[in-house]
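# here is the input, now give the coordinates:
(one chain, ligands or ions: 1)
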Amino acid sequence: MAIKVLRLNEFRCTCCNYLLAKLNMQIGIMETKCPKCKTINRIETIKDKTKIDGQ
Ligand SMILES: [Zn+2]
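Model (predicted):
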């Protein structure tokens, strides 16, 4: 039996640290509104490097 480990990136609200999503994608841009504090978070994933610009 094999156990597969998927690398999931956790994206948290830049304001209140609420867990917005867990994604496994290489390239993508997404905007999501935090249900807790209503901050709009912009999620960008870039190949080789994953970062969230908190500002
Ligand atoms: Zn929030």
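
# number of residues surrounding the residue nearest to Cys15 when sequence neighbours are not counted?
Once its chain neighbours are removed from consideration, Cys15 has its nearest residue in Thr39; the separation is 4.1 Å (C-beta to C-beta, 6 or more residues apart in numbering). For glycine as for every other residue, the C-beta is placed from the backbone atoms N, C-alpha and C. Burial measure for Thr39: 14 neighbouring residues, criterion other C-beta atoms under 10 Å.

# report pLDDT for Lys33.
With respect to pLDDT, Lys33 has a value of 94.

# quick one: residues contacting it.
With C-beta atoms under 8 Å, 6 or more residues apart in numbering as the criterion, the residues that contact Lys33 are 39-41.

# any idea how far Lys4 is from the most centrally placed residue in the chain?
Centroid-nearest residue in the chain, with C-alpha atoms, centre = their mean: Phe11, separated by 2.7 Å. Distance, Phe11 to Lys4, by C-beta to C-beta, to the nearest Å: 21 Å.
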